[in-house]
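Engineer: Fold the following and give me the result.
(2 chains, ligands or ions: 2)
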Amino acid sequence: MQQHTILLVTIIIMACVALPFLFAASAAKDKGPQVGWLGYGAQRSLVAAMLVVGVAVTGISLAVWPHSVSAGPARQVVNVTGHQWYWEIEDVRLVTGSPVVFNVHTEDVNHGLGVYDADFRLIVQIQAMPGYLNQVQYTFEKPGKYRILCMEFCGVAHHDMTSEFTVSAAKS
Amino acid sequence: MANVATTNNQSKEADALSSVALLLAGAVFLLMMIAGLLMRSAQGKLIDLDPTLFYQLMTAHGAGMVGAAALSGAAIMWLFLGRHVSLNKLAFKAFLALFLLGVVLILYSIFVGGFGGGWTFLYPLPAHSGGVWETAAAATFLVGLLLVGAGFLVLYFEMGRAILVRYGNLSQALAWPLVFRGKMETVPPPTIVASTVIVIFNSVGTVVGAATLAISLINLFVPTFEIDALLAKNMIYFFGHVFINASIYMAVIGVYEILPEYTGRPWKVSRPFAIGWSAVLLFVLAVYPHHLLQDMVMPPWMLVMGQVVSYLSGLPILAVTAFAMLGYVSGSGMKWDLASALLFLGVFGWSVGVVPAIIDGIISINKVMHNTLWVPGHFHTYLLVGEVAMSFGVMAWIVRSKQDVALFSGLQRAVFWTYVVGALGFAMVFLTSGAASVPRRWAVHAPEWIMQDRIATLLGIVTLLSAVYFVTRFGSRLASGERK
Ligand code: HEM
Ligand SMILES: [Cu+2]
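Structural biologist: Ligands and ions are numbered 1, 2, ... in the order given. Just a heads-up that it's a prediction; the model follows:
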């Protein structure tokens, strides 16, 4: 999902949560029966409805494991290492259309590999952690320059930890 | 007779102690809001701030705000728990002393020692400053946090003791007979159920935090003493998540105790209430892996648990506190004043603030939202519009007067709404920036992001001004003894 869709959906849900607050606040001054329209019956169906939605969202969002990395022969592999405060990216030719697997290491503290597209939109990220190899996979559709930003606070030049790489069009 | 008089005196002193702590927390809120504004305006290139100073302010703002939220929460819990059990005020004094000593060390380490490793002291960053701060500064910061933690443990120990003395065992205090059998002889009040849950989970959280601090301290001086970075990360986020959430749960006690005075409807421990709080106990401890969703070396079941429990945690909040409150409020014939409006706002901010948190807890969405400004977006919603509003509400209630309801038509109402717009707007801009992929904790922002930083700065100023009104009104009314 695109970030703007996520934002929109979030705002809509927040507004749905806000509505009953507005109703209750405006109904506060009236004298009426206790609990009324928000009684236990309503609470129970609300919880039930939220559980149904929850099961559905969980199922859909985890149907494909978001961290899965392909082992297929078509994949391209690139090693990336974070240092205070620069990125070291292995010089390999990357092409569109087949999965790229980033092998992410760090030499010192935690860093975060964030890949940004030409529109400066974060398209994928993974942490870099001392003593561990973290992997993330992404299939680039568009050729061009991509930027790397550090996504985990790593000290005084954290915001200078940027880099770039190029993805070329696959020969068809 | 004599007995009654002592109890009254004691509770007066408990009130005074809580008020002092709340005033202190209010002052820290204001100071740290200024630090926050400096950061936000530096990101918007409205002022020029050296990145070293930016990260120091960020560390101070994080530690200071979390500390002040926890302090105000603890003061509220102490104030109202004292209505039901007999507390030894020495514990609160020891807590305050340890807390203040910790604050002094933390401030010293940051602004004299130059420590800027973030309030989460993510291992092994404190030991790798790249020449910006000395080992001693990092150590001072960690010791400062340890003292604050020790203060909380003293406080919780006393609260736990007092609850056990009065209710005999945890099962009674948690209303478990009601949970499992649907009935019990004397149902404890909401404050007892909530306090018991908080004492248990935040003691666990604080002990884990202390262990992490101790390990980090040893690592500072004996670099060959290394621990697993993944384990350290787990411990830090477990502690951080539990600790900051505890501050909100503590403040909610104020809502349970105060709103009934307005609605005329006592807040009762129903079966859903008891079940909800027992669920909170479980969820708060199990949800922290949602901070580690981008560590694919984590066992997958833990990440799935993080995602699922993030969602489930929202249920008790909404069903047990928010919707129950709406039920109590509507049709109650209650009158709004500054206190009741702020408490109501606090529950609102908390409820809407969990929405972006739950969304970000979905692993595939977290892939593009983690560590962007989306994250400060959700927690500024449920802290600034949630916990902080509740604390301001309790402050206003402590110094309430008969004229307040009448006064709530003029200036007070205007300031209240200014705060709503400012605080909610400020947090929403963070969310928008997060959706625009702006990374969090960046001292220097790209030109594309600056417009949003400037709008946020303006909204932040508005927030600060209304907060100044709430805190100074509390302080001056306290000073002039104008209470109740
Ligand atoms: C007018 C009010 C406030 C302003 C202007 C403000 C501003 C900021 C800014 C600019 C950041 C850094 C964002 C970034 O990562 O780039 C931040 C982070 C943070 N704020 Fe606030 N804030 C305010 C209120 C609060 C309150 C009330 C709390 C808690 C009770 C709070 C807790 C935090 C925490 C925990 C962080 C994270 C620090 C870190 O990343 O290490 N803030 N705030
Ligand atoms: Cu970095």
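Engineer: Buried ones in stretch A:99-113, by neighbour count?
Structural biologist: Residues of stretch A:99-113 classed as buried by neighbour count (16 or more other CB atoms under 10 Å in any protein chain shown): A:100-106, A:108-113. Bear in mind the C-beta positions are built from the backbone N, C-alpha and C, glycine included.
Engineer: Among these, which are located in strands?
Structural biologist: A:Val100, A:Val101, A:Phe102, A:Asn103, A:Val104, A:His105, A:Thr106, A:His111, A:Gly112, A:Leu113 (DSSP state E).
Engineer: May I see these arranged in CSV, with pLDDT and distance to ligand 2 as well?
Structural biologist: Compiled in CSV, those are given as follows (pLDDT from 0 to 100; distance: CB to the ion, whole Å):
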residue, pLDDT, distance to ligand 2
A:Val100, 94, 21
A:Val101, 94, 21
A:Phe102, 95, 15
A:Asn103, 95, 17
A:Val104, 96, 12
A:His105, 96, 13
A:Thr106, 96, 8
A:His111, 97, 4
A:Gly112, 97, 7
A:Leu113, 97, 9
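Engineer: Would you mind writing the CA trace of stretch B:236-254 as PDB?
Structural biologist: Coordinates of each C-alpha in stretch B:236-254 appear next as PDB, following Å, rounded to 0.1, in the frame of the first residue of the first chain:
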ATOM      1  CA  ILE B 236      15.400  -1.700  25.800                       C
ATOM      2  CA  TYR B 237      12.200  -1.600  23.800                       C
ATOM      3  CA  PHE B 238      10.500  -3.900  26.300                       C
ATOM      4  CA  PHE B 239      11.400  -1.400  29.100                       C
ATOM      5  CA  GLY B 240      10.700   1.700  27.000                       C
ATOM      6  CA  HIS B 241       7.300   0.500  25.800                       C
ATOM      7  CA  VAL B 242       6.100  -0.700  29.200                       C
ATOM      8  CA  PHE B 243       7.400   2.400  31.000                       C
ATOM      9  CA  ILE B 244       5.800   5.000  28.700                       C
ATOM     10  CA  ASN B 245       2.500   3.100  28.500                       C
ATOM     11  CA  ALA B 246       2.400   2.900  32.300                       C
ATOM     12  CA  SER B 247       2.300   6.700  32.500                       C
ATOM     13  CA  ILE B 248      -0.900   6.800  30.500                       C
ATOM     14  CA  TYR B 249      -2.500   4.000  32.500                       C
ATOM     15  CA  MET B 250      -1.600   5.800  35.700                       C
ATOM     16  CA  ALA B 251      -3.100   9.000  34.600                       C
ATOM     17  CA  VAL B 252      -6.400   7.300  33.600                       C
ATOM     18  CA  ILE B 253      -7.000   6.600  37.300                       C
ATOM     19  CA  GLY B 254      -7.700  10.300  37.500                       C
END
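Engineer: Can you tell me which of the buried residues of stretch A:99-113 is closest to B:Ala138?
Structural biologist: A:Val109 (12.6 Å; CB to CB).
Engineer: correct me, but that closest one touches A:Val156?
Structural biologist: No - in terms of CB atoms under 8 Å, A:Val109 does not count as a neighbour of A:Val156; the distance is 11.8 Å.
Engineer: And the next helix or strand past the strand or helix carrying B:Leu31?
Structural biologist: Assigned by DSSP states H and E, B:Leu31 belongs to helix B:2-43. On the C-terminal side of helix B:2-43, the closest following helix or strand by DSSP H and E is helix B:51-81.
Engineer: circling back to that earlier point, let's test this: mean pLDDT of the helix holding B:Leu31, rounded?
Structural biologist: Model confidence over helix B:2-43 averages 82 on the pLDDT scale.
Engineer: for stretch B:271-288, same thing?
Structural biologist: In this model, stretch B:271-288 has an average pLDDT of 89.
Engineer: can you list the residues of chain A near ligand 2?
Structural biologist: By CB under 5 Å from the ion, the part of chain A that sits against ligand 2 consists of A:His111, A:Cys150, A:Cys154, A:Met161.
Engineer: Which of the residues you listed fall within helices?
Structural biologist: Within these, no residue falls in helices by DSSP state H.
Engineer: Check these against B:Ala251 and report the nearest one.
Structural biologist: A:Cys154 (33.2 Å).
Engineer: Can you give me the neighbour number for the closest one?
Structural biologist: 28 (other CB atoms under 10 Å in any protein chain shown).
Engineer: Could you export the residues of chain A next to ligand 2 as a markdown table, including distance to chain B?
Structural biologist: Compiled in a markdown table, the residues of chain A next to ligand 2 are given as follows (distance: CB to the nearest CB, whole Å):
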| residue | distance to chain B |
| --- | --- |
| A:His111 | 10 |
| A:Cys150 | 8 |
| A:Cys154 | 7 |
| A:Met161 | 10 |
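Engineer: Can you name the residues that contact B:Val187?
Structural biologist: Shown here is B:Val187, whose contacts under the criterion CB atoms under 8 Å, 6 or more residues apart in numbering or on different chains are B:Ala175, B:Leu178, B:Lys268, B:Val269.
Engineer: try 6 Å this time
Structural biologist: Contacts of B:Val187 were listed using CB atoms under 6 Å, 6 or more residues apart in numbering or on different chains, and they are B:Val269.
Engineer: Quick check: the gap between it and A:Leu7.
Structural biologist: Going from B:Val187 to A:Leu7 by CB to CB, to the nearest Å gives 43 Å.
Engineer: likewise B:Trp417?
Structural biologist: Distance of B:Trp417 to A:Leu7, computed by CB to CB: 25 Å.
Engineer: So between those two, which is more surrounded?
Structural biologist: Just comparing B:Trp417 and A:Leu7: by other CB under 10 Å the higher neighbour count belongs to A:Leu7, 21 against 13.
Engineer: doesn't the more buried one fall inside a helix?
Structural biologist: Yes - the assignment for A:Leu7 by DSSP: H, G, I helix; E, B strand; the rest coil puts it in a helix.
Engineer: Check the contact between it and B:Ser437; I expect there is one.
Structural biologist: No - counting by CB atoms under 6 Å, no contact exists between A:Leu7 and B:Ser437, whose distance comes to 11.2 Å.
Engineer: tell me what the helix or strand of chain A with the lowest mean pLDDT is packed against?
Structural biologist: Comparing every helix and strand of chain A by mean pLDDT, DSSP states H and E singles out helix A:40-62 as the least confident one, with a mean of 82. Other elements packing on helix A:40-62 under the criterion 3 or more CB pairs under 6 Å, 6 or more residues apart in numbering or on different chains; DSSP states H and E are helix B:300-316.
Engineer: any idea of the angle the helix it packs on forms with helix A:40-62?
Structural biologist: Here helix B:300-316 runs at an angle of 160 degrees relative to helix A:40-62 (axes from the mean of the first three to the mean of the last three CA atoms, to 10 degrees).
Engineer: Who are the packing partners of helix B:300-316?
Structural biologist: Where contact means 3+ CB pairs under 6 Å, 6+ apart, helix B:300-316 is packed against helix A:40-62, helix B:271-286, helix B:338-360.
Engineer: Any buried residues in it, and which?
Structural biologist: Neighbour-count burial for helix B:300-316 flags B:302-303, B:305-316 (criterion: 16+ other CB under 10 Å).
Engineer: Pull out the buried residues from the worst-scoring helix or strand of chain B on mean pLDDT.
Structural biologist: Lowest on mean pLDDT, DSSP H and E among the helices and strands of chain B sits helix B:404-407, with a mean of 76. Applying a neighbour-count criterion of 16+ other CB under 10 Å, the buried positions in helix B:404-407 are B:Asp404, B:Val405.
Engineer: Fine by me, thanks again.
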